[in-house]
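J.: I need the structure of the sequence given here:
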Amino acid sequence: MAATPQNPAASAPRRKVSRHRGEGQWAVGHFTPLNGNEQVKKDDDGLNVRTRIETIYSKRGFDSIDPSDLRGRMRWWGLYTQRKPGIDGGKTAVLEPEELDDRYFMMRVRIDGGALTTGQLRVIGEISQEFARGTADITDRQNVQYHWIRIEDVPEIWERLEAVGLSTVTACGDTPRVMIGSPVAGIAEDEIIDPTPALEEMKRRVLNNKAYSNLPRKFKTAISGSPLLDVVHEINDVAFVGVRHPEHGPGFDLWVGGGLSTNPKLGVRLGAWVPLEEVADVYEGVVSIFRDYGYRRLRNRARLKFLVADWGPEKFRQVLEDEYLGGRRLIDGPAPEQPVQQWRDHIGVHRQRDGRFYVGFAPRVGRVDGATLTKIADLAEAHGSGRVRTTVEQKMIILDVAQDKVDSLVEGLEALDLTARPSSFRRGTMACTGIEFCKLAIVETKQRGSQLIDELERRLPEFDEPITINLNGCPNACARIQVADIGLKGQLVLNDRGEQVEGYQVHLGGALGLEPAFGRKVRGLKVTAEELPDYIERLLTRFQAEREDGERFATWASRASEEALS
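T.: As a prediction, this is how the structure comes out:
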């Protein structure tokens, strides 16, 4: 009751009373949707939109699509509207969604573990040529992305993909997205443990399962038994990393709470060793914690990393064991050993455990096309057993190559501009989709990344140190700018004539695997797109001149003066 002159409290100082609405956690009773995204999911499960796409939207066309489906639930089936051509980066944050939307879609094909047969790869290539104007980018999460997809063609695309065991289900949306895995699982000579059975069981339990189709936000998964730590486990919501327990043998070290975007956090170890046969149980438990305890009030705090940061690893492990594993105690275990090399992309020719070889090769910044994919399938069938892989570095691998066919395969790849012997720049440069198709982007990335490779190869032909150069079109870090040697975050900057042009904020010295850390931002260091080759040439020349014997770029960048880095 408000204070009145008759109320003794009227003379007391007024104290503002705020009623905290909570973080929208289901497990503590906060079921009322606290934002528009949560309301859309409550109104109808995202998985249900497939029926409307097949029976209504594909028949009546783009204009028939309900806005809540168009910019929400269609993501549950791997579909985003792409950016309307001709809209410059300065308008990205100004225009309404319907002004940015084109009438075409990006479609993401999930490729769990990066594992493909040549038959599947050929179908991906054929769909690209028939329905996507030849587009088929390899992402840094082992998927393939199409562009220019018409809603009218979606049902037929699904039919063709599913006929060969592929899908777009929960490739996007607030769901367990693609499960990235070691691309050499089951074949590498140095593998600690083959995670394939666990990955398959994880997929069986959560894909197309409405128990896990309404998470607070996206959920990213990684699993690998490789000592190279080849699945960027440090920046996933949950990761299983191959280790050898001194008493129990090979199994997995459990990590949770990693992620980048505008508030990056490295994952943390729970100190638990998980045997192969228990991985799916633990995985399901971690996903369920996110579903039940994840923050749903604010979208920018709705990732697992914020819950882990608030709880800490000890509480997280306790809740996992007590509430989701039926009181079962996980076994304490060792941390993974640091890899002995910086490159973790499996590029080049490598012996398999069965005596055959696998050959990793480098497209330019993940950009390929449907015709090239079908030719890769032809090469893989002629030289291997019909198995190919994608990697988390936007690269590809052909497996099971006999020794007497290796040279012929390498030559065939070179003819397609897909080298197995790339320069450090070709090998280490990644780029997100950029302003060409992405509605969040501010600058161009793919073409610029490809041109940058050519220019650096011309200017620094003898440079052979491991170096990662990651270009991102906006602050959201899809191309992992914070953990690159040279991370480039797209933004508009002023050139020396005072004109607003495309450019990048520079992050330097980030790393994963070997001493993982986020890159350093030098105060005021921004580079225009035009100046980018000059800047990187100058930077790498200084690195070569100042580095100590055997010193990595990331180590040098962490100690170098701001003058040396500018």
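J.: List the contacts of residue 109.
T.: 78, 124, 143, 144, 145, 146, 161, 166, 167, 168, 171 (CB atoms under 8 Å, 6 or more residues apart in numbering). In short, each C-beta sits where N, CA and C put it, glycine included.
J.: And for residue 118?
T.: 377, 378, 380, 381, 386, 387, 388.
J.: Look at the third one and report its pLDDT.
T.: Read that as residue 380. pLDDT, residue 380: 98.
J.: Now for it: which residues touch it?
T.: So residue 380 contacts 118, 121, 386, 387, 388, 398, 399 (CB under 8 Å, 6+ apart).
J.: Wait, the last one touches residue 383, no?
T.: No - Residue 399 is beyond contact range of residue 383, at 10.1 Å (criterion: CB atoms under 8 Å).
J.: From residue 256, how far off is the residue nearest the centre of the chain?
T.: Nearest to the geometric centre of the chain sits residue 141, at 4.3 Å (CA atoms, centre = their mean). Separation of residue 141 from residue 256 (CB to CB, to the nearest Å): 18 Å.
J.: For the contacts of residue 380, which two are the farthest from each other?
T.: 121 and 399 (12.2 Å; CB to CB).
J.: what sits in contact with each of these two?
T.: Joint contacts of residue 121 and residue 399 (CB under 8 Å, 6+ apart) are 380, 388.
J.: Checking residue 147 next. Helix, strand or coil?
T.: State at residue 147, reduced to three classes by DSSP: H, G, I helix; E, B strand; the rest coil: strand.
J.: any weak-confidence spans in the stretch 151-300 of the chain?
T.: Across the stretch 151-300 of the chain, nothing is flagged by pLDDT under 70.
J.: go on, the chain?
T.: For the chain, the ranges with pLDDT under 70 are 1-21.
J.: Recalculate using a threshold of 90.
T.: Across the chain, residues meeting the criterion (pLDDT under 90) sit at 1-22, 33-34, 97-98, 261-262, 338-343, 513-515, 522-524.
J.: now the helices for the stretch 401-550 of the chain?
T.: For the stretch 401-550 of the chain, helices defined by DSSP state H, counting those that start in this stretch occupy the ranges 406-415, 424-428, 446-459, 532-546.
J.: And the last one, what's buried?
T.: Meaning helix 532-546. 532, 533, 535, 536, 537, 539, 540, 542, 543 (16 or more other CB atoms under 10 Å).
J.: Over to the third one?
T.: Applying a neighbour-count criterion of 16+ other CB under 10 Å, one finds 446, 448, 449, 450, 452, 453, 455, 456 buried in helix 446-459.
J.: which of the residues you listed lies closest to residue 347?
T.: When these are compared against residue 347 (criterion: CB to CB), the nearest one is residue 453, at 14.2 Å.
J.: residues contacting that closest one?
T.: Residue 453 neighbours (CB under 8 Å, 6+ apart): 364, 365, 423, 425, 426, 429.
J.: Verify the contact between the fourth one and residue 452 for me.
T.: Yes - contact status for residue 425 versus residue 452: in contact at 7.5 Å, counting by CB under 8 Å.
J.: got any residues that touch both of those two?
T.: residue 469.
J.: buried sites along stretch 261-269?
T.: Those would be 264, 265, 266, 267, 268, 269, for stretch 261-269 by 16+ other CB under 10 Å.
J.: got it, and stretch 42-56?
T.: So for stretch 42-56, counting by 16+ other CB under 10 Å, buried means 46, 47, 49, 50, 52, 53.
J.: ok so the second one is a strand residue?
T.: No - the assignment for residue 47, made by three-state DSSP, is helix rather than a strand.
J.: which phi and psi does residue 173 have?
T.: Dihedral pair for residue 173: phi 90, psi 180, per degrees, to the nearest 10.
J.: That one against residue 49, yeah?
T.: No - assessed by CB under 8 Å, residue 173 is found out of contact with residue 49, at 9.7 Å.
J.: nearest to residue 225, of the buried residues of stretch 42-56?
T.: Of the buried residues of stretch 42-56, the one sitting nearest to residue 225 (CB to CB) turns out to be residue 47, at 31.2 Å.
J.: ok, which stretches of the stretch 51-200 of the chain are strands?
T.: For the stretch 51-200 of the chain, the strands defined by DSSP state E, counting those that start in this stretch cover 79-83, 101-109, 115-117, 137-138, 144-149, 176-181.
J.: what's the closest of the ones you listed to residue 472?
T.: strand 137-138 (14.5 Å).
J.: Check which helices and strands the closest one is in contact with.
T.: In terms of contacts (3 or more CB pairs under 8 Å, 6 or more residues apart in numbering; DSSP states H and E), strand 137-138 is packed against strand 144-149.
J.: can you dump the C-alpha coordinates of the strand it packs on into PDB?
T.: What follows is strand 144-149, C-alpha atoms only, in PDB (Å, rounded to 0.1, in the frame of the first residue of the first chain):
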ATOM      1  CA  VAL A 144      27.800 -27.300 -46.200                       C
ATOM      2  CA  GLN A 145      25.800 -24.200 -46.900                       C
ATOM      3  CA  TYR A 146      23.800 -23.400 -50.000                       C
ATOM      4  CA  HIS A 147      22.500 -20.000 -51.000                       C
ATOM      5  CA  TRP A 148      19.800 -18.900 -53.500                       C
ATOM      6  CA  ILE A 149      17.400 -21.600 -52.400                       C
END
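J.: Given it, what are its sheet partners and their directions?
T.: Note on strand 144-149: by DSSP bridges, its sheet partners are strand 101-109 (antiparallel), strand 137-138 (antiparallel).
J.: need these in JSON lines with distance to residue 82, can you?
T.: Shown next, in JSON lines, are the strands paired with strand 144-149 (distance: least, CB to CB, whole Å):
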{"stretch": "strand 101-109", "distance to residue 82": "5"}
{"stretch": "strand 137-138", "distance to residue 82": "12"}
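J.: so which of the ones you listed comes closest to residue 499?
T.: Short answer: strand 101-109, nearest of the strands paired with strand 144-149 by CB to CB, at 27.7 Å.
J.: What residues sit buried inside the closest one?
T.: 101, 102, 104, 105, 106, 107, 108, 109.
J.: Does the third one touch residue 148 like I think?
T.: I take that to be residue 104. Yes - between residue 104 and residue 148 there is a contact at 5.0 Å, judged by CB under 8 Å.
J.: and the gap between residue 503 and residue 365?
T.: Applying CB to CB to residue 503 and residue 365 gives a distance of 18 Å.
J.: Comparing these two, which residue is more hemmed in?
T.: Higher neighbour count among residue 503 and residue 365: residue 365, with 26 against 23, using other CB atoms under 10 Å.
J.: Show the contacting residues for residue 516.
T.: Per CB under 8 Å, 6+ apart, neighbours of residue 516: 234, 266, 483.
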